[in-house]
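[1] Got a sequence here, can you model it:
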Amino acid sequence: MRGLGGAWTRHQRHTSVAPPPDLAVWVDHVWVVAWDYDAPYRQPVVPYPQVHLTFSGGDATVSGVATRYQVKVLAGRGGVLGVAFRPGGFRPFLGTAVSSLRDRSVDAREVLGAAVPRLPARPTTQDAGPVAAFLRAVAPGPDPLAAQASDVVARIAATPALTRVDAVARDAGTSVRGLQRLFGEYVGIGPKWVIRRYRLHEVTRRLAAGEDVGWAGLAHDLGFADQAHLVRDFTKMFGEPPTRYAARYGPPGEVPAGPTVGGGA
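    Model prediction:
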């Protein structure tokens, strides 16, 4: 029940702020999550095509793009401060293909050096200052390919009609192979995955807004073969079918009508 009807918001506090203007070319936003649970809570975490630098429990970690949802166990009182890099934005800091971090988390000091700041065990937004100062100190020079990768991902996110890799490549003025190389090097995952992720984001947006979803029509509009394929991809990406996901936002205990894992209405 702690995961239904927004009940989780009683135990967690989420804050997201824009980066300082001089870091915005690389950083999308800075986020902080604080929690307080009497008993452990299994928190699903959905993936985005971003690299994150996180600070929690006195540790600093760099996490690459995850190909599917993850589950984090939150217990007691704790917190995380994270830097979400723009798609493509971490490649100039890393100095090698971002795909090398896919589905991996590594000690930040192995990647960014010993000068990575040490934050309190439960960091707050006030601790973002030392992190920003560190990133300025190690900031790389301009990288046109990083900017191109970020722009292509933004175009995919903003254009629901882009449902095929070849269409994205044409829109970006490159070949399919060139687009795949760019994404492997700078985004860390292929363009097909990014397209699917943002088309499924359209599903979550409608569910969170409480819209009456026409599942068969939506599946067609988002480039899925049929409703069953949409539901299977959604469940693989988010760890639960759309009905369960929607129940997180509706009144407690209420599960809206919609497709299940098997794809039936």
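
[2] Run through the protein and note the low-pLDDT ranges.
    For the chain, the stretches flagged by pLDDT under 70 are 1-8, 248-265.

[3] mind listing the strands for it?
    Listed in chain order, the strands of the chain (DSSP state E) span 12-17, 27-45, 52-56, 59-63, 70-85, 105-107.

[4] Take the ones you listed and lay them out in a markdown table including mean neighbour count and distance to Gly95.
    No exception for glycine: its C-beta is placed from N, CA and C like everyone else's. A markdown table is the format used below for the strands of the chain (neighbours: other CB atoms under 10 Å; distance: least, CB to CB, whole Å):
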| stretch | mean neighbour count | distance to Gly95 |
| --- | --- | --- |
| strand 12-17 | 12 | 27 |
| strand 27-45 | 16 | 17 |
| strand 52-56 | 22 | 15 |
| strand 59-63 | 19 | 13 |
| strand 70-85 | 17 | 14 |
| strand 105-107 | 13 | 14 |
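
[5] What is the burial count for Thr67?
    A total of 16 residues lie near Thr67 under the criterion other CB atoms under 10 Å.

[6] correct me, but it touches Ser99?
    No - in this structure, Thr67 is not within contact of Ser99 by CB atoms under 8 Å, at 11.0 Å.

[7] Overlap of the contact sets of the two?
    Listed as contacting both Thr67 and Ser99 by CB atoms under 8 Å, 6 or more residues apart in numbering are Ile189.

[8] Can you say which of the strands of the chain is nearest to Val138?
    strand 52-56 (11.3 Å; CB to CB).

[9] hmm, who's touching the closest one?
    With CB under 8 Å, 6+ apart, strand 52-56 has contacts from 60-63, 78-85, 108, 112, 117, 119, 121, 123, 127, 131.

[10] 7 Å - rerun?
    61-63, 78-84, 108, 119, 123 (CB atoms under 7 Å, 6 or more residues apart in numbering).

[11] in its sheet, what does that strand sit against?
    Strand 52-56 has its sheet partners listed here by DSSP bridges as strand 59-63 (antiparallel), strand 70-85 (antiparallel).

[12] Show me what counts as buried in stretch 89-105.
    Gly89, Phe90, Arg91, Pro92, Phe93, Leu94, Val98, Ser99, Leu101, Arg102 (16 or more other CB atoms under 10 Å).

[13] Which of these fall within helices?
    Arg91, Pro92, Phe93, Leu94 (DSSP state H).

[14] tell me the contacts of the spatially closest residue to Arg42 that is not a sequence neighbour?
    Leaving aside its chain neighbours, Arg42 sits nearest to Val71 (5.2 Å; criterion: CB to CB, 6 or more residues apart in numbering). Going by CB under 7 Å, 6+ apart, Val71 touches Arg42, Gln43, Pro44.

[15] Just the closest of the residues you listed to Pro144, please.
    The closest of those, once distances to Pro144 are taken by CB to CB, is Pro44, at 36.4 Å.

[16] Just flag the most distant two among the buried residues of stretch 89-105.
    Longest span within those, CB to CB: Pro92 and Arg102, 17.9 Å.

[17] so how far is the top helix by length along the chain from its chain's centroid?
    The longest helix of the chain (DSSP H) is helix 191-208. From the chain centre to the centre of helix 191-208 is a distance of 11 Å (CA atoms, centre = their mean, to the nearest Å).

[18] what's that helix in contact with?
    With CB under 7 Å, 6+ apart, helix 191-208 has contacts from 47-49, 67, 153, 156-157, 160, 162-163, 165, 168, 179-180, 183, 187, 213, 218, 222-223, 233-234, 237, 242, 245-246, 249.
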